[in-house]
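>>> From the sequence below, what's the structure:
(one chain, ligands or ions: 6)
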Amino acid sequence: MKASSSWLTLLGPRLLLYLLPLVLKITGLSSLDGGHSYPQSYKGVVGGNVSFYCPVDKTKNLHFLYFQKVVVNGKHIFFNGYHSKPLQPQQRTKMDHNNTIMHIYELTLSDSGEYECYYMYQDDVNTLDQGVNTVKIHLNVTALFSKPVITNICNQANGIPLECEVKCEAYNGFPDKKIKWNELRNISKEMWNILMNDEVPTRTELVNISSTASFNCSVGELKVSCSVDGITSDIISVCSSKASPDQSANPIVIAAVVCVLVGIAILCVFKFKKRTTEAENARPNGHPEEVRVLNNVGS
Ligand SMILES: *[C@@H]1O[C@H](CO)[C@@H](O)[C@H](O)[C@H]1NC(C)=O
Ligand SMILES: *[C@@H]1O[C@H](CO)[C@@H](O)[C@H](O)[C@H]1NC(C)=O
Ligand SMILES: *[C@@H]1O[C@H](CO)[C@@H](O)[C@H](O)[C@H]1NC(C)=O
Ligand SMILES: *[C@@H]1O[C@H](CO)[C@@H](O)[C@H](O)[C@H]1NC(C)=O
Ligand SMILES: *[C@@H]1O[C@H](CO)[C@@H](O)[C@H](O)[C@H]1NC(C)=O
Ligand SMILES: *[C@@H]1O[C@H](CO)[C@@H](O)[C@H](O)[C@H]1NC(C)=O
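Ligands and ions are numbered 1, 2, ... in the order given. All right, here's what the predicted structure looks like:
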């Protein structure tokens, strides 16, 4: 109590007047300007769900409440909710009347756009201006590109690569994105260049994108990957003179093999030690013998 009152004196009540609408706006809870709430903005991904919330005064009874989509030329399409006429709800929608929420399932790109929650309180039915309230809602549906696929074709002379063309592709995303190249040795930009970016002009459907880069192999072996939207491809080896990528070492396999070898080595040492200890016990002067056996292990 003490803390909050000193806080108030410090900042002054005027600041609260500025902060209150901001807090209401962030929580998306209410409307201070009589009926027209602040626009709400939602994001969805193709195949996902979204839930539109219509902020109403829970202490009042509603006469009607429904969601509609605003289409071109200012027309509306009824989505779901209570309407004065018995209208068929759109597929893939479900109304939660208690919480004034409409769910839309299995989103598609064409669900993007402007929506409205349209409602009236029972108390306002017989008033002259019939206070109808509108909440504006914006929905933006995007699609994440697949993990980029990276492939490599090299020009060789006698098995030694001279120049490699690396292609990076990502599928079924929206909107169009730029492919980013990651060359992990940070060689001079003169030694490689992007030959082609296949980006698709603005469309309303899912797009595939690709980029092709060329690497001059005089710099030796390189590690390269590409990224779209923060998702990175596998890292490939470019300009490697060792033949097929299948033979390139997998770190997990190497680790496993090393573990097994170390395990065998430890077992062997124990066995030899046991044997030499037994031999030692049998002989009074065991030390030279032990040295000899251990030397044999190494050979
Ligand atoms: C969408 O909603 C359905 C039904 O509630 C649920 O099974 C599914 O996991 C949801 N999908 C996503 C991407 O949230
Ligand atoms: C809505 O509220 C009513 C009354 O409180 C309750 O009986 C009903 O089960 C609720 N419906 C849902 C879907 O929560
Ligand atoms: C939708 O969201 C994407 C990614 O956040 C953005 O690039 C695009 O401009 C947005 N579109 C609209 C119509 O708001
Ligand atoms: C890569 O090299 C350039 C030029 O040599 C340098 O400016 C840049 O900081 C380097 N970047 C990294 C990540 O090492
Ligand atoms: C994108 O690539 C996928 C998989 O290769 C293919 O099925 C789809 O038709 C392509 N889409 C376009 C717009 O080219
Ligand atoms: C690769 O770089 C070397 C050295 O800079 C240059 O002599 C050669 O012409 C380049 N090769 C290609 C195919 O650009």
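>>> I'd like the next helix or strand past whichever strand or helix holds S227.
For S227, the element it lies in under DSSP states H and E is strand 222-228. Downstream of strand 222-228, the next assigned helix or strand under DSSP H and E is strand 231-232.
>>> if I pick the closest residue to ligand 1 within the stretch 51-200 of the chain, what's in contact with it?
In the stretch 51-200 of the chain, no residue comes nearer to ligand 1 than Y105, which is 5.4 Å away by CB to the nearest ligand atom. Placement of C-beta: from N, CA and C, glycine included. When contacts are counted by CB atoms under 8 Å, 6 or more residues apart in numbering, Y105 touches N49, R92, T93, K94.
>>> run the last query once more with 7 Å
Shown in contact with Y105 (CB atoms under 7 Å, 6 or more residues apart in numbering): N49, R92.
>>> Repeat that for D123.
With CB under 7 Å, 6+ apart, D123 has these contacts: K60.
>>> Then E221?
With CB under 7 Å, 6+ apart, E221 has these contacts: S237, C239, S240.
>>> Which secondary structure state does F67 sit in?
Of the three states, F67 takes strand under DSSP: H, G, I helix; E, B strand; the rest coil.
>>> Burial check on it, number of neighbours?
27 (other CB atoms under 10 Å).
>>> Double-check it against F78; I have them as touching.
No - judged on CB atoms under 7 Å, F67 makes no contact with F78 at a distance of 8.1 Å.
>>> So which of the contacts of E221 wins on neighbours?
Neighbour max across these (other CB under 10 Å) = C239, 23 neighbours.
>>> which residues touch that one?
Contacts of C239 (CB under 7 Å, 6+ apart): C154, P161, C164, F215, C217, G220, E221, L222.
>>> any idea how far the nearest residue to it once chain neighbours are set aside lies from ligand 5?
What sits nearest to C239 in space, not counting adjacent residues and going by CB to CB, 6 or more residues apart in numbering, is C217, at 3.7 Å. Counting by CB to the nearest ligand atom, to the nearest Å, the gap from C217 to ligand 5 is 29 Å.
>>> What count of nearby residues applies to whatever residue of the chain ends up closest to ligand 3?
Residue nearest to ligand 3 within the chain (CB to the nearest ligand atom): N140, separated by 3.6 Å. By other CB under 10 Å, 14 other residues sit near N140.
>>> Can you pull out the residues in contact with the host helix or strand of it?
Secondary structure assignment for N140, by DSSP H and E: strand 132-142. Applying CB under 7 Å, 6+ apart, the external contacts of strand 132-142 come out as 35-37, 39-46, 50, 52, 54-55, 107-109, 111-120, 174-175.
>>> Go again with 8 Å.
With CB under 8 Å, 6+ apart as the test, strand 132-142 has contacts from 31, 35-37, 39-46, 50, 52, 54-56, 67, 107-109, 111-121, 124, 173-175.
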